[in-house]
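>>> Next one to model:
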Amino acid sequence: MLLPGGLMDVLLVDGATYDIKDGSETSFIGIEDDVLYTSSRKKRQVPTGTDDDVLIPPANPSPVAAAFTGPLPERVILKTDIKYDNSLLEHFGGSHSKAKQWISRVVELTKPRMAHRSLTMPITIQVGQMDHTNAVLEANGENIRSLRPRKLTSYFCKDIGGGVVGVAYLGTACRNDGYAANIN
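Purely as a prediction, here's the structure:
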């Protein structure tokens, strides 16, 4: 399916995907008693059997020396490098500029959701380096296991197959041993 502008704005809530039709931040989702209130969103259920989007990493070889005590911060900053693969580059006719512009739009659509007032600890996303990786990736366990970034890196590819549309290791954003990765 081709989309005008090349993007679809969706929201995931408890395993259900909501297609945001109007793109308006003023009509952002309202959730009360696990009911989604909206008139401009279409609910799509995640297909069964697609629970392989989260992988459990091995134990951290450099665990934190002491347990954290005290109040949680009001918000956190999550800095990620971004890499895009050959399939996404090819999708944009070999134009690095167009691929980077598209990824920047995706990140900007993500920011309001990660900082939404309903979150206990809003997350501010910051993009570090954005560049190309000479590989063809798909969002699956085999591909993410082959990546070993030294800091949080988000990989983007054209993979628009059915089911899983992203994969990541659970709880690894702050690790520097090759597991702080996600493929989208």
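>>> and Glu90, helix, strand or coil?
helix (DSSP: H, G, I helix; E, B strand; the rest coil).
>>> That one is in contact with Lys158, isn't it?
Yes - the pair Glu90 / Lys158 is scored as a contact, 7.3 Å apart, by CB atoms under 8 Å. Any C-beta I mention is one placed from the backbone N, CA and C, and that applies to glycine too.
>>> Please say which of these two ends up with more neighbours.
Remark: of Glu90 and Lys158, Lys158 carries more neighbours, 18 against 13, as counted by other CB atoms under 10 Å.
>>> In this structure that one contacts Tyr84, no?
No - taking contacts as CB under 8 Å, Lys158 lies outside contact range of Tyr84: 9.1 Å.
>>> Could you list the single helix or strand in the chain with the lowest mean pLDDT?
Ranking every helix and strand in the chain by mean pLDDT, DSSP states H and E puts strand 41-45 at the bottom, with a mean of 37.
>>> Distance-wise, check Asn143 relative to Ser87.
Distance of Asn143 to Ser87, computed by CB to CB, to the nearest Å: 11 Å.
>>> what sits in contact with each of the two?
Leu137 (CB atoms under 8 Å, 6 or more residues apart in numbering).
>>> more crowded one of those two?
Taking neighbours as other CB under 10 Å, Asn143 and Ser87 compare with Asn143 leading, 19 against 16.
>>> Tell me the spacing between Thr124 and Ile77.
For Thr124, the distance to Ile77 equals 5 Å [CB to CB].
>>> can you map out the helices along this protein?
86-91, 96-114, 141-146 (DSSP state H).
>>> buried stuff in the longest one?
Looking back up the chat, that one is helix 96-114. Ala99, Lys100, Trp102, Ile103, Val107, Leu109, Arg113 (16 or more other CB atoms under 10 Å).
>>> Return the closest of the residues you listed with respect to Asp53.
Comparing the buried residues of helix 96-114 against Asp53 with CB to CB picks out Arg113 as the nearest, at 17.1 Å.
>>> Could you pull up the mean pLDDT of stretch 138-148?
Taken as a whole, stretch 138-148 carries a mean pLDDT of 92.
>>> CA-only coordinates of it in CSV, if you can.
Presented in CSV, the C-alpha positions along stretch 138-148 are these (Å, rounded to 0.1, in the frame of the first residue of the first chain):
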residue,chain,number,x,y,z
GLU,A,138,14.6,-6.7,8.1
ALA,A,139,13.0,-6.3,11.5
ASN,A,140,13.7,-9.8,12.8
GLY,A,141,15.8,-11.6,15.5
GLU,A,142,18.4,-12.8,13.0
ASN,A,143,19.2,-9.3,11.8
ILE,A,144,19.3,-7.6,15.2
ARG,A,145,21.6,-10.3,16.5
SER,A,146,24.0,-9.5,13.8
LEU,A,147,24.2,-5.8,14.8
ARG,A,148,26.6,-4.9,17.7
